[in-house]
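*Asks:* heads up, no residue letters with this:
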C-alpha cells in the first residue's frame, strides 16, 4: 500500500513559470507551455520556493523522504513512465522531443530553470518541464535524488545544450503530446498542471 498522501488540489501552492527564450535555450517560447512547480505531497513544512536571478542556499531537508517506488506507481497510473532515479546534470540542458516530470524523493537541491530562475526543491515537490525548458542543478545535498518520468509512449529523450538544428520545430510540433492529465493527480482541470496547461 502506498505511503504517499496527496494534498487536495485546491490547497496546493504552485508556481507557473513562463520563461521566454534566453540565448540558445528555447524555454517556454516555442511551445507556449510553462514549467509547473508545485507541492502536492503531505510531508514537508515548506511550500515551493522560487527566486529569479539568484542562488538559494541548499540546507538539510526538513521533509521526510518519500518512497520512490510509490512515486513510480502513482505516475504510472497517470500516463507517465518512470525512467530513472538520480540527481540532475550540473549544466544547462533541455529536451526537444519530450516533456519531463521530476519528483524529488530525498535530499534537497537548488535547480536553475531557463537560465534565470532558481528553485529550492525537496521531497514533496513536483516539477513538470515542457520540452525546451533549460534546467540544471546549481547545488544539492549529497543524498539528493528524484524520480524522472516521461509521457508513456514518448520518444527516448534527447539532451540538447543549445543551438541544435531543428529543435524549436520539434518542440512546436510536440505540443502537449502525452500530457493528458495532471501526472500527480490524474485529472484534467482544477489541478496545478491542468490549470496551467489548459488540460
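*Replies:* Good, I have the coordinates. What you see is a predicted model, and the numbers here were worked out from it, not measured in a lab. Numbering: from 1, shown residues only.
*Asks:* contacts and neighbour counts: CA atoms only from here.
*Replies:* Will do.
*Asks:* Distance check, the residue lying closest to residue 93 once chain neighbours are set aside against residue 41.
*Replies:* Nearest residue to residue 93 in three dimensions, chain neighbours excluded: residue 161, at 4.6 Å (C-alpha to C-alpha, 6 or more residues apart in numbering). According to C-alpha to C-alpha, to the nearest Å, residue 161 stands 32 Å off from residue 41.
*Asks:* just residue 4 next, same as before
*Replies:* 7 Å.
*Asks:* what does residue 105 give?
*Replies:* 11 Å.
*Asks:* Spell out, range by range, the strands that occur in the protein.
*Replies:* 14-17, 35-38, 49-52, 80-86, 100-106, 109-113, 117-121, 126-129, 135-140, 145-151 (DSSP state E).
*Asks:* I'd like the mean pLDDT over the last one, please.
*Replies:* What strand 145-151 shows for mean pLDDT is 98.
*Asks:* Starting from it, tell me which strands it pairs with and how they run.
*Replies:* Paired neighbours of strand 145-151 in the sheet (DSSP bridges): strand 80-86 (antiparallel), strand 100-106 (antiparallel).
*Asks:* Touching it from outside, list them.
*Replies:* 68, 71-72, 75, 79-87, 98-107, 178-179 (C-alpha atoms under 8 Å, 6 or more residues apart in numbering).
*Asks:* now do 6 Å
*Replies:* Residues outside strand 145-151 that contact it (C-alpha atoms under 6 Å, 6 or more residues apart in numbering): 79-87, 100-106, 178.
*Asks:* Of these, just the buried ones, ChimeraX syntax please.
*Replies:* Buried members of the contacts of strand 145-151, defined by 16 or more other C-alpha atoms under 10 Å, are picked up in ChimeraX with:
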select :79,80,81,82,85,87,100,101,102,103,104,105,106,178
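*Asks:* and residue 22, how many residues sit next to it?
*Replies:* As a burial measure, residue 22 scores 15 neighbours (other C-alpha atoms under 10 Å).
*Asks:* What of residue 155?
*Replies:* 10.
*Asks:* ok, so what distance separates it from residue 166?
*Replies:* 16 Å.
*Asks:* for residue 185, same thing?
*Replies:* For residue 185 relative to residue 166 (C-alpha to C-alpha), the value is 33 Å.
*Asks:* who's more crowded, these two?
*Replies:* residue 185 (22 against 9).
*Asks:* any idea how far residue 30 is from residue 132?
*Replies:* For residue 132, the distance to residue 30 - C-alpha to C-alpha - is 8 Å.
*Asks:* show me what contacts the residue lying closest to residue 37 once chain neighbours are set aside?
*Replies:* Computed as C-alpha to C-alpha, 6+ apart, the closest residue to residue 37 that is not its neighbour in sequence is residue 127, at 4.5 Å. Shown in contact with residue 127 (C-alpha under 6 Å, 6+ apart): 36, 37, 101, 102.
*Asks:* Looking at strand pairing, list the partners for the residue nearest to the spatial centre of the chain.
*Replies:* Note on the chain: the residue nearest the mean C-alpha position is residue 127, at 2.4 Å, using C-alpha atoms, centre = their mean. Beta-bridge pairing for residue 127 (DSSP bridges): residue 37, residue 102.
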